[in-house]
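[1] sequence and computational prediction follow.
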Amino acid sequence: MKEILLSEADNRPGAVQAAVDSLAGGGQIVIPPGRWPVGDLRLGSGVRLRLASNCTLEGAVMAEDVADVAVVGEGMDASVVTGGLHLRQVRGVECAGWSGRAVAGNHVSGGQFRGLRLHQPPQRQGEGSVVWFRWCRDLHWADCDLESNDDVFCLKRAAENVTLTRSRLCGRLAAPFKIGTETDGLFRDIAFTDSVIERSDRAAISLESVDGAEVRDVRIERIRMDDVNAPLFIRLGDRDRYARGLGDIHDILIADVEGFGETMDEGFGSCISGLPQRAVRNVVLRDIRFVSRGGQGAELAGRAVPERAELYPEFDMFGRLPAHGLYARHVRGLRLERVSWTTRRPDGRPAIVLEADVRDVEIIDAPAPQVRPAPPAGAGERESLPAGDVDALLAAVAAAKAGGTVIVEPGDYAIPRERLPIVLDRPGLVLRSREGPQRAHVRAVGARENDAQYRPVVTPELARQIDTLLFIAADGVKVSGLTLSGAVYNVYVAGAADCEVAGNCFDFSKCYHVCACDAKRLVVADNRSRAALNNSITLQRCRECVVRGNTFEEDPGAVRLRQSPGNLIAANRMLAVSWHGVMLEPGSHDSRIEGNLFADGRLTGVQVRGCDGVRITGNEFRGQKTESVLADRGSRGLRLRGNSFHDNRGLAVGNETPHAVDAAGNWWGRPEGPGGGAEVDANVIVEPWLTDCPVRL
């Protein structure tokens, strides 16, 4: 093997890349101690990097459309690749003995990964999974230390013969071991063994198929869990992101798992849930011992659990379950052998609850489950509506005049994707229901995501390509009193002024519920929103818009502004959103956030990135898992007044900029000022503070 020995004299930008490029037929490059600026270092086929002790590559190692590459160090405490390793179309890879940010890959086959420490820094938002792969096979991981705010070890789209053993996983704000969510194709022969999971406020082990994947032959054994919210979540759903139809989950073994929930445990419990039309099959739980915190009331034992087949799968998507240990439904073939779920505090729920459609159950040395009768069809779901006349609805919209009104009669209007979008292009047109959103459901059928969906949309033709339901292209259009669901964008406003989207129910989208581009004075008010795949409301290059009085539940993100200055976000309720309540991205200067409730969010309440002059006034922040307010990426002139911060886990105000944040005149949950669930970051001005609570929403 040809070998190149670099010296200290070679330590300059571009030197390592030049050495790689000189090894046209492959070979080894030995890099001595020191900090080596490599940027994005691209490997060729057959190239092997050997990092000496105390060697740091400042940058990322990239490999694309190559074979037989390696990055080997002297140990995770000795060698560092700051940007980690990024693989695409790689056949044969070896990694061992170094630390870095992440290892990620697309279309990777044949890999050995040993002795790696991959840590995302404990920032509030996280930086993505530390290990994720799409379309991979024959990958073997051992003796690794993996830590992230996001999912830790995640297999996303098709994986075969993947093992992870003798490793530590810390998920903090996400799932430590996960198959999903973007599952497409076949997942089989996956093994996770002899490892420790530490601190996760999600399910420690998540096995998910909601976009058509088959997940089978998964083996999880000898796992210790320390302080996790729930040990297990298995979900077969029907989000159908790629229009593949239903997937499948079967032949799952989980054995010799023990652990406990403490500070992260919120009482949700573990869940195995298929669909009425397709069960999860052949699941074995053996030698499971888990102690949760408990303390939930007996009223939860009798609650109906909604199906929510189309939602993003997450362990808390059904709310707190009727069992403190395991709740299962739509399962065929379930073996519970020597399983034990107990609680530290009294809990009014049984340990195990099985719905009556769980069939072929075998229980050996385990608590007797409570078996509940099958709920009536549709229990916990929206009322079934009579069929709507799609042709009549589309004809009425097409025939409408400027300033006219189209009244939607009660019914369920299923619009096939080939007839999308419904174009509202007459100035002053009103589209409203006769009897309100509970009686008028307009939904897209068969909508599909694609790579173009995040581009600004300016014409009906583009809206059709990305499967938009309602496309507003005229000034003064109003949409009210409808339930809208199922599209990539349920409402898109393109370059129009003085439009209004009010009093609607948004119930599942494959990207955004409401997206506006180049709009002025748009009002989005008094809507109820759930189950957007991304953000519920996104404004791009919009001005003087108002987002007011909306309720957001079960959305990943509530409101996001991009290059949209001078807008108002007021009197909304952001309830347990997964990502952020409000995200202001660069260019969204001089925006106002007033009188909103941010409650129980998993990440940031308000995040301000690269925006000047933002005013945050009279809001209540409670129960937030990370920052209530975060100043990020060069934001200036951020001012907070009259807000209430209390009972939060993370910082009340975080500041990652060099500029001071003016947060005087706020209530920090106690007369003594910040602390005890309302701490603040450095360079945050808090004096004088309020000694009485100014707002309780």
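    Yep, that arrived.
[2] report how many residues lie close to E147.
    For E147, the number of neighbouring residues by other Cβ atoms under 10 Å comes to 20. Yep, even glycine has a C-beta here, placed from its N, CA and C like the rest.
[3] which residues touch it?
    L118, H119, Q120, V130, R168, L169, C170, R172 (Cβ atoms under 8 Å, 6 or more residues apart in numbering).
[4] same thing with V661?
    Contacts here follow Cβ under 8 Å, 6+ apart; on that basis V661 touches A631, L638, L640, V653, N655, D681, N683, V684, I685.
[5] could you dump those to JSON lines with pLDDT?
    Below are the contacts of V661 laid out as JSON lines (pLDDT from 0 to 100):
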{"residue": "A631", "pLDDT": "94"}
{"residue": "L638", "pLDDT": "96"}
{"residue": "L640", "pLDDT": "97"}
{"residue": "V653", "pLDDT": "95"}
{"residue": "N655", "pLDDT": "92"}
{"residue": "D681", "pLDDT": "90"}
{"residue": "N683", "pLDDT": "91"}
{"residue": "V684", "pLDDT": "95"}
{"residue": "I685", "pLDDT": "95"}
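[6] thinking again about what came up before, neighbour-wise, which of the contacts of E147 leads?
    Busiest of those [other Cβ under 10 Å] is V130, holding 31 neighbours.
[7] state the distance from it to I364.
    37 Å (Cβ to Cβ, to the nearest Å).
[8] point out where the stretch 251-400 of the chain drops to low pLDDT.
    374-386 (pLDDT under 70).
[9] all helices of it, in order?
    In the stretch 251-400 of the chain, the helices defined using DSSP state H, counting those that start in this stretch lie at 390-399.
[10] so where do the strands sit in it?
    For the stretch 251-400 of the chain, the strands defined by DSSP state E, counting those that start in this stretch cover 270-273, 280-294, 326-329, 331-345, 352-355, 359-364, 370-372.
[11] export those as a markdown table, with columns for distance to C693.
    What follows is those, written out as a markdown table (distance: least, Cβ to Cβ, whole Å):
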| stretch | distance to C693 |
| --- | --- |
| strand 270-273 | 37 |
| strand 280-294 | 28 |
| strand 326-329 | 38 |
| strand 331-345 | 29 |
| strand 352-355 | 40 |
| strand 359-364 | 51 |
| strand 370-372 | 42 |
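[12] please work out which of those strands is packed deepest.
    Of those, the one with the most neighbours on average (mean count of other Cβ atoms under 10 Å) is strand 326-329, at a mean of 26.
[13] other SSEs contacting that one?
    strand 270-273, strand 331-345, strand 352-355 (3 or more Cβ pairs under 8 Å, 6 or more residues apart in numbering; DSSP states H and E).
[14] please identify the buried residues of the helix or strand of the chain with the lowest mean pLDDT?
    The weakest-scoring helix or strand in the chain, judged by mean pLDDT, DSSP states H and E, is helix 460-465 (a mean of 82). If you call a residue buried by 16 or more other Cβ atoms under 10 Å, then helix 460-465 has these buried ones: P460, L462, A463, R464, Q465.
[15] the helices and strands packed on strand 326-329: which one's closest to A496?
    The minimum distance between A496 and these falls on strand 270-273, with 41.6 Å, by Cβ to Cβ.
[16] residues in contact with that closest one?
    203, 230-236, 280, 283, 290, 315, 318, 321, 325-331, 334, 341.
[17] related to what we said a few turns ago, could the helices and strands packed on strand 326-329 go into JSON lines alongside distance to G605?
    Shown next, in JSON lines, are these (distance: least, Cβ to Cβ, whole Å):
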{"stretch": "strand 270-273", "distance to G605": "27"}
{"stretch": "strand 331-345", "distance to G605": "29"}
{"stretch": "strand 352-355", "distance to G605": "34"}
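[18] residue contacts, V284?
    I252, L253, I254, A255, R335, E337.
[19] what helix or strand does R114 sit in?
    strand 103-119 (DSSP states H and E).
[20] return the set of buried residues in the helix or strand that that strand is followed by.
    Counting by DSSP H and E, the next helix or strand C-terminal to strand 103-119 is strand 131-142. Buried residues in strand 131-142, defined by neighbour count with 16+ other Cβ under 10 Å: V131, W132, F133, R134, W135, C136, R137, D138, L139, W141, A142.
[21] in JSON lines: those, plus distance to H659.
    Listed next are those as JSON lines, based on distance: Cβ to Cβ, whole Å:
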{"residue": "V131", "distance to H659": "35"}
{"residue": "W132", "distance to H659": "34"}
{"residue": "F133", "distance to H659": "39"}
{"residue": "R134", "distance to H659": "39"}
{"residue": "W135", "distance to H659": "43"}
{"residue": "C136", "distance to H659": "43"}
{"residue": "R137", "distance to H659": "49"}
{"residue": "D138", "distance to H659": "50"}
{"residue": "L139", "distance to H659": "44"}
{"residue": "W141", "distance to H659": "42"}
{"residue": "A142", "distance to H659": "45"}
